[in-house]
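*Asks:* Take this sequence and fold it.
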Amino acid sequence: MTSIEPQALDPDAIDRATALLRGRRTAVLTGAGISTDSGIPAYRGAGAPPRVSPMTIQTYLSDEAARRRYWMGGHLGYRRFTSPDPNGGHRALAALEHNGDVTGVITQNVDGLHLRAGSRRVVELHGTMHRVRCLDCGQVFDRRAISAQIDELNPWIAVPENVVLNPDGDVTPESADGFVIPPCTVCGGMLKPEVVYFGEFVPTGRFRLSEALVHGSDALLVAGTSLTVNSGIRVIERARRRGMPLVIVNHEPTRADRWADAVVSGGTTPVLTGIARALGAL
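*Replies:* Numbers count the residues shown, from 1 in each chain. Okay, the predicted model is just below:
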């Protein structure tokens, strides 16, 4: 295994990673670290905000007060969460796909930035903050429509211009007293952002899409994730079973470093940009 220590980017690091990926159709797995250069915080690693307990599906379904705080915090943070633009790391992966080097992106992120950057084949393992689903009738809504509904139901809320985002794109409200949770406009049922909460499983069909992407590739590139969440490890296990070369790019150590053929310690934007240039995609 090749290991590169955290430092100013070494051209040799790009060369070693590129040599493993050159001529191979590469699947990509990304996590929160690829979006930090766009201003979206990560849960872990250097520069991460103080840890905020994430919402669990059990709490969401059973605790109305917690659900009210969740929706209010999500509403306060949604505009800021959707305003960042894709960064150079996102654009490098999109360029690599257009160049025929990357088969697609499997992402643990819910921000939609890979799609906005131009990646065409994206499997959003943990869902997306841009859609909301009714848990009773299954109707799906655009998050912007739900935001408008919240404004109508809670005209007293003033969304601040400058808010401190949590990694999931929400903020921590001081109080949610009086906040009215939007109901489904079709059946009046309970709405939930179309994301996978802690305690939930990645939908089977969605994980099979990620498996198909790996099975149709010759190598796996992991970028911006410490692989603490098991869904990422499951993707890597599929690649290991096939004996595929594994390249990991991350600021911090990951759970899969011992299995990797190359570990590049560094920011995803400069490393992925360097790989894309070396492969002629940029």
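
*Asks:* And the closest residue to Tyr197 other than its chain neighbours, its phi and psi?
*Replies:* Closest residue to Tyr197 apart from its sequence neighbours, by C-beta to C-beta, 6 or more residues apart in numbering: Ile57 at 4.3 Å. The way it works is simple: take the backbone N, C-alpha and C, and place the C-beta from them, glycine included. When read as degrees, to the nearest 10, the backbone of Ile57 gives phi -70, psi -30.

*Asks:* just use 3 as the starting number from now, easier for me
*Replies:* Yes, from this point I'll number from 3; that puts the last item at Ile59.

*Asks:* What about Ile59, how many residues nearby?
*Replies:* By other C-beta atoms under 10 Å, the residues close to Ile59 number 14.

*Asks:* Now do the same contact list for it.
*Replies:* Contacts for Ile59 (C-beta atoms under 8 Å, 6 or more residues apart in numbering) come out as 199-202.

*Asks:* ok, 7 Å please
*Replies:* Counting by C-beta atoms under 7 Å, 6 or more residues apart in numbering, Ile59 touches 199, 201-202.

*Asks:* Filter those residues down to the buried ones.
*Replies:* Listed as buried from those are Tyr199; burial here means 16 or more other C-beta atoms under 10 Å.

*Asks:* export the contacts of Ile59 to a markdown table and tack on pLDDT and secondary structure?
*Replies:* Listed next are these as a markdown table, based on pLDDT from 0 to 100; DSSP: H, G, I helix; E, B strand; the rest coil:
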| residue | pLDDT | secondary structure |
| --- | --- | --- |
| Tyr199 | 91 | coil |
| Gly201 | 89 | coil |
| Glu202 | 93 | coil |
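
*Asks:* As TSV, the contacts of Ile59 with distance to Leu23 would be great.
*Replies:* As requested, the contacts of Ile59 are arranged in TSV below (distance: C-beta to C-beta, whole Å):
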residue	distance to Leu23
Tyr199	34
Gly201	36
Glu202	33
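
*Asks:* quick check, nearest of the contacts of Ile59 to Arg118?
*Replies:* Relative to Arg118, the closest of those is Tyr199; by C-beta to C-beta it sits at 23.8 Å.

*Asks:* Distance of that closest one relative to Leu137?
*Replies:* To Leu137, Tyr199 is 12 Å away according to C-beta to C-beta, to the nearest Å.

*Asks:* Ok, Asp113 next?
*Replies:* Asp113 is 23 Å from Leu137, by C-beta to C-beta.

*Asks:* higher neighbour count, these two?
*Replies:* Asp113 (24 against 12).

*Asks:* which SS state does that one fall under?
*Replies:* coil (DSSP: H, G, I helix; E, B strand; the rest coil).

*Asks:* Contacts for stretch 94-108, please.
*Replies:* 27-32, 116, 119-125, 127, 212, 215, 218-219, 237, 274-275, 278, 281-284.
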